[in-house]
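Trainee: predicted structure and sequence below. I'll ask about it afterward.
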Amino acid sequence: MTLTWRHYCGVALLTLLIFLPGRMSLVPLDRDEPRYMEASAQMIESGNFVDVRFLDQPRYLQPAGIYWLEAAAQQIFSGRGERHVAWPYRIPSLIAAVSAVTLTAYLGASLFGGVAGLLAAALLAVSTLLTAEGRMATIDTVLLLDILLVETALLRAYMDDRQGRDTPVGFAWLYWGALGCGLMLKGPVVLIPGIATPLALRVIERQARWFSRLRPRWGWLVTLAVVAPWCIAIGVVSHGTFFSRAVGTNFLGKIGHGQQAHGLPPGFHVGVFLLAFWPGSLFFVLGLPAIWARHREPAIRFLLCWIVPHWLVFEAIATKLPHYVLPTYPAIALLTAASLVCWPLRRPAAGWARGLLGLYAVLWSVLSLAFAVAGTVLLWKSEHRIEPASLIASLGALPLILGALWLLYRAQRLRAAWMAIASAVIIHAGIFLTVIPNLGLLQLAPRAASLFDDYRPCNESILVSVSYSEPSLAFLTGSNTRFLGVRDAAEFLSRHDACALVLVDRKDLPALTTAMTAQGYDLTEYGRVNGLNYSNGHHLDLGLYAPMKR
């Protein structure tokens with residue numbers, strides 16, 4: 001089967017339909033997403049597109065690329081009046097997810113045939129990790145697309161060399177340009193796959209003549225042209241502080257120390273793979289014997305050199321989050337699809353290996369059944385009610401999962417994979433359309449922001465939050481928000497008593513009342529909201545107060 005432009009348009013359209021449910025109703029999700037959105041909103045408000053800031057602090061974690069994309073999306077799709085509505089900032093992630101899935105279909109069709117390309121695209125599109133990241137205004141899906149473009153250029157040059165074809169100069173521009181864009185997105189992170197893949201091939205094959213097809217003699221100038229203007233500008237503006245923080249603290253600091261309580265031992269990414277690449281995780285593991293049997297074939301060798309060095313680097317560094325290995329998922333999807341479509345099933349000879357595969361299949365089965373009912377159970381546990389639509393999604397997914405398990409038992413892996421993919425589409429749609437929008441535990445920041453909007457005394461009112469400092473609150477209430485301790489809050493309110501309100505938890509209210517009395521002020525309550533801060537598990541009873549001069 002040969003894929004045409006109509007097939008690729010169909011893949012893009014279906015992927016768009018998969019990622020649209022829940023996108024507009026999903027509240028800002030703490031903690032990373034609202035930091036990106038608020039920094040992008042402040043970029044628009046200030047007109048400063050060089051120095052990225054979150055509230056009154058510089059945000060020197062990565063370059064400005066992702067903030068430019070989100071700010072542009074907000075201006076194009078929403079405009080000046082809706083800067084604190086979440087969905088426009090998620091457009092770059094949506095476009096990146098659709099593009100990455102479609103490009104995966106193209107690579108699969110080029111290497112293994114049209115059916116394998118479509119299956120690889122489907123496996124990537126419904127994977128749990130991409131399903132989540134593709135709906136949020138974070139950097140990870142855009143970085144995935146950028147690294148996929150880097151690997152596409154490398155793959156084309158490598159395969160052209162093996163097959164004796166000329167490599168168009170456009171792929172050199174693609175490789176070096178994508179490296180530059182990746183540096184503008186996440187700094188040196190893009191160099192890990194961008195350099196590790198050709199380096200691994202150099203070590204294995206003891207030659208790298210194919211890399212000259214990407215014109216390295218002048219190609220590095222393309223990368224430099226992309227990154228140099230902003231790097232010079234931020235170096236001047238920040239007096240070099242950006243580079244010491246972004247590279248020295250954020251990037252290099254993650255190698256030896258687990259930042260933000262994310263320090264975990266090696267093996268973490270292997271452990272979460274069952275969930276993160278579900279439902280494709282089992283089919284990849286079942287295909288490992290066939291994949292290894294063909295590891296000397298050029299296409300397989302390249303894909304393994306794409307996956308293994310990247311994976312090993314992120315298993316080795318101390319800080320670990322599931323999305324760090326997301327850029328390897330297109331290659332994993334391609335190998336999985338090839339093992340299902342192109343190669344017969346190979347069973348490992350060793351009994352212990354067969355036992356591990358059986359155990360993995362049991363874990364996958366339990367996880368699949370849990371996924372089918374998770375939305376309904378979560379709503380019942382959290383809100384003590386059942387949404388009919390969520391129940392319909394569960395009832396629709398369960399027969400497909402059971403059917404996939406039966407087909408796996410009958411060794412019909414390809415049909416089982418398509419059935420598992422169909423169940424994943426139903427499950428994800430149910431979760432994002434009916435479960436997440438109805439979860440009260442996600443609504444604390446929106447309800448607090450709505451209360452503040454009801455009582456704001458000025459057009460440029462300031463919210464001082466003493467007990468609740470999640471970034472989602474800052475995004476929803478604007479860049480004037482201040483997160484302060486009791487003493488600093490009292491001093492600030494006494495200086496801005498005309499246009500400031502304070503949000504404080506009941507347990508912190510006595511201390512704030514005492515501090516305000518010392519400033520000569522009383523507090524007048526306007527309303528209350530209560531709920532769970534899901535970022536730290538604390539239950540809060542927040543009151544909104546205005547300072548009143550005695």
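Mentor: Thanks, I have the structure now.
Trainee: from I204, how far out is R301?
Mentor: 7 Å (Cβ to Cβ, to the nearest Å). For glycine as for every other residue, the C-beta is placed from the backbone atoms N, C-alpha and C.
Trainee: for G485, same thing?
Mentor: G485 sits 56 Å away from I204, going by Cβ to Cβ.
Trainee: neighbour count: R301 and I204, which is higher?
Mentor: It is R301, of R301 and I204, that has more neighbours when counted by other Cβ atoms under 10 Å, with 18 against 13.
Trainee: residue contacts, L402?
Mentor: Shown in contact with L402 (Cβ atoms under 8 Å, 6 or more residues apart in numbering): no residues.
Trainee: just the element for it, please.
Mentor: helix 388-409 (DSSP states H and E).
Trainee: quick one: average pLDDT of that helix?
Mentor: For helix 388-409, mean pLDDT rounds to 93.
Trainee: where's it relative to the chain centroid, distance-wise?
Mentor: How far helix 388-409 lies from its chain's middle: 27 Å, per Cα atoms, centre = their mean, to the nearest Å.
Trainee: A353 versus T152, what's the distance?
Mentor: In terms of Cβ to Cβ, T152 sits 33 Å off from A353.
Trainee: neighbour-wise, which of the two wins?
Mentor: T152 (20 against 13).
Trainee: helix or strand: which one has the more buried one?
Mentor: Counting by DSSP H and E, the element that carries T152 is helix 140-163.
Trainee: residue nearest the centroid of the protein?
Mentor: E133 (3.1 Å; Cα atoms, centre = their mean).
Trainee: from the chain's centroid, how far away is stretch 530-543?
Mentor: The chain centroid and the centroid of stretch 530-543 are separated by 25 Å under Cα atoms, centre = their mean.
Trainee: now the strands for the stretch 351-500 of the chain?
Mentor: Taking DSSP state E, counting those that start in this stretch as the test, the strands found in the stretch 351-500 of the chain are 462-465, 482-483, 500-505.
Trainee: how about the ones you listed in CSV, adding distance to L408, mean pLDDT and mean neighbour count?
Mentor: CSV is the format used below for these (distance: least, Cβ to Cβ, whole Å; pLDDT from 0 to 100; neighbours: other Cβ atoms under 10 Å):
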stretch, distance to L408, mean pLDDT, mean neighbour count
strand 462-465, 51, 97, 23
strand 482-483, 51, 96, 20
strand 500-505, 51, 96, 24
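Trainee: so can I have TSV of the ones you listed showing distance to S212?
Mentor: Formatted as TSV, the strands of the stretch 351-500 of the chain follow (distance: least, Cβ to Cβ, whole Å):
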stretch	distance to S212
strand 462-465	57
strand 482-483	53
strand 500-505	61
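Trainee: tell me which of the ones you listed sits nearest to C342.
Mentor: Minimum separation from C342 across the strands of the stretch 351-500 of the chain (Cβ to Cβ) falls at strand 482-483, 55.1 Å.
Trainee: other SSEs contacting the closest one?
Mentor: Applying 3 or more Cβ pairs under 8 Å, 6 or more residues apart in numbering; DSSP states H and E, we find strand 482-483 packed against strand 462-465.
Trainee: 10 Å instead?
Mentor: Packing contacts for strand 482-483, counted by 3 or more Cβ pairs under 10 Å, 6 or more residues apart in numbering; DSSP states H and E, involve strand 462-465, helix 471-477, helix 486-495, strand 500-505.
Trainee: so how far is the first one from its chain's centroid?
Mentor: Centroid displacement of strand 462-465 relative to its chain, using Cα atoms, centre = their mean, is 29 Å.
Trainee: which strands border that strand, and is each parallel or antiparallel?
Mentor: Applying DSSP bridges to the sheet, strand 462-465 is found paired with strand 482-483 (parallel), strand 500-505 (parallel).
Trainee: and the contacts of that strand?
Mentor: With contact meaning Cβ atoms under 10 Å, 6 or more residues apart in numbering, strand 462-465 is reached by 448-449, 451-453, 456, 473-474, 476-484, 488-490, 492-493, 496, 498-505, 512, 542, 544-545, 547.
Trainee: 7 Å instead?
Mentor: 452, 473, 477, 480-484, 489, 492-493, 496, 499-503 (Cβ atoms under 7 Å, 6 or more residues apart in numbering).
Trainee: and the third one, by the same measure?
Mentor: Surrounding helix 486-495, the residues in contact under the criterion Cβ under 7 Å, 6+ apart are 464, 466, 482, 484, 500, 502, 508, 511-512, 515-516, 519, 521, 547.
Trainee: which two in the residues you listed are spaced the farthest apart?
Mentor: Put simply, by Cβ to Cβ the two of those set farthest apart are A500 and A511, 17.9 Å from each other.
Trainee: on the three-state scheme, L532 is what?
Mentor: strand (DSSP: H, G, I helix; E, B strand; the rest coil).
Trainee: could I get the contacting residues of L523?
Mentor: Applying Cβ under 7 Å, 6+ apart to L523 gives the contacts 513, 516, 545, 547.
Trainee: can you check L130 too?
Mentor: Counting by Cβ under 7 Å, 6+ apart, L130 makes contact with 97, 124, 326, 329.
Trainee: going through these, which ones are buried?
Mentor: Buried subset of the contacts of L130 (neighbour count, 16 or more other Cβ atoms under 10 Å): 97, 124, 326, 329.
Trainee: sort out for me which of the residues you listed are in helices.
Mentor: Among the buried ones among the contacts of L130, DSSP state H puts 97, 124, 329 in helices.
Trainee: got a markdown table for those, with distance to W306 and pLDDT too?
Mentor: Output for those, formatted as a markdown table (distance: Cβ to Cβ, whole Å; pLDDT from 0 to 100):
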| residue | distance to W306 | pLDDT |
| --- | --- | --- |
| A97 | 19 | 98 |
| L124 | 14 | 98 |
| Y329 | 11 | 98 |
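Trainee: any chance of those in JSON lines, plus distance to E82?
Mentor: Shown next, in JSON lines, are those (distance: Cβ to Cβ, whole Å):
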{"residue": "A97", "distance to E82": "23"}
{"residue": "L124", "distance to E82": "32"}
{"residue": "Y329", "distance to E82": "33"}
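Trainee: from memory A196 sits against P309, does it?
Mentor: Yes: using Cβ atoms under 7 Å, A196 is in contact with P309, at 3.7 Å.
Trainee: have a look at those two and say which one is more surrounded.
Mentor: Shown here are A196 and P309; by other Cβ under 10 Å, P309 has more neighbours (20 against 17).
Trainee: which ones are touching the more buried one?
Mentor: By Cβ under 7 Å, 6+ apart, the contact set of P309 is 196-197, 200.
Trainee: quick one: it and L94, what's the gap?
Mentor: Noted for P309: a distance of 29 Å to L94, by Cβ to Cβ.
Trainee: also P216?
Mentor: P216 is 34 Å from L94, where distance means Cβ to Cβ.
Trainee: more neighbours: the two, which one.
Mentor: For the pair P216 and L94, the greater number of neighbours falls to L94 (20 against 13), based on other Cβ under 10 Å.
Trainee: is it correct that that one is in contact with F19?
Mentor: Yes: using Cβ under 7 Å, L94 makes contact with F19 at a distance of 5.7 Å.
Trainee: list the helices and strands the longest helix belonging to the chain packs on?
Mentor: Using DSSP H to define each element, the chain has its longest helix at helix 351-383. The contact analysis (3 or more Cβ pairs under 7 Å, 6 or more residues apart in numbering; DSSP states H and E) places helix 351-383 against helix 268-276, helix 280-293, helix 388-409, helix 413-430.
Trainee: show me the one of these that comes nearest I192.
Mentor: Comparing the helices and strands packed on helix 351-383 by Cβ to Cβ, helix 268-276 comes nearest, at 13.7 Å.
Trainee: returning to that earlier point: of the ones in helices among the buried ones among the contacts of L130, which is the nearest to M184?
Mentor: Proximity of those to M184 (Cβ to Cβ) peaks at A97, which lies at 19.5 Å.
Trainee: residues contacting that closest one?
Mentor: 15, 19, 130, 134, 141.
Trainee: correct me if wrong: F242 contacts R59.
Mentor: No: if you go by Cβ under 7 Å, F242 and R59 don't touch, sitting 9.8 Å apart.
Trainee: done for today, thanks.
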